[in-house]
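**Student:** dropping the sequence and predicted coords here.
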Amino acid sequence: MSSHLSSGASGAIRRFAGWVARGSVGHPLLQGINYWDELEDSPSQMETCFAIFVNVLELDEHGEPINEKYAERRAATFLHRYCTGQLPPGEPELEPWECALH
């Protein structure tokens with residue numbers, strides 16, 4: 001077993017970082033919400049957002065991601081709730097394990 005992330009897992013994390021940076025993470029879940037303004041003074045919330053993505057991301061036996069868009073959606077759910085005080089319609093509450101900072 002390799003001690004490095006697969007190229008697929010590394011790519012998933014890189015794409016997620018790009019989506020967050022461009023303001024398009026969870027589209028359309030966060031459409032109209034400028035989370036950068038909300039997070040400017042609270043970088044620990046961005047840390048939690050990334051933790052959720054990585055905690056939810058599942059990998060197959062070869063280390064390749066199998067639920068990248070779902071992991072993104074759960075991270076976007078966190079941002080939505082943080083910015084608006086409410087969960088997006090139809091989204092379940094985040095579980096403690098999803099938000100754990102390891």
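**Tutor:** Looks like it arrived, so ask away.

**Student:** for the chain, which segments count as helices?
**Tutor:** In the chain, the helices defined using DSSP state H lie at 7-22, 35-39, 43-56, 68-84, 96-99.

**Student:** which parts of the helix or strand bottoming out on mean pLDDT in the chain are buried?
**Tutor:** When each helix and strand of the chain is scored by mean pLDDT, DSSP states H and E, helix 35-39 comes last, with a mean of 88. Within helix 35-39, the residues that count as buried by 16 or more other CB atoms under 10 Å are 35, 39. Every residue, glycine included, has its C-beta placed from N, CA and C.

**Student:** cool, stretch 21-31 as well?
**Tutor:** Taking 16+ other CB under 10 Å as the neighbour-count basis, stretch 21-31 is seen to contain the buried residues 25-26, 29-30.

**Student:** circling back to that earlier point, need the winner for burial among the helices of the chain.
**Tutor:** Of those, the one with the most neighbours on average (mean count of other CB atoms under 10 Å) is helix 68-84, at a mean of 20.
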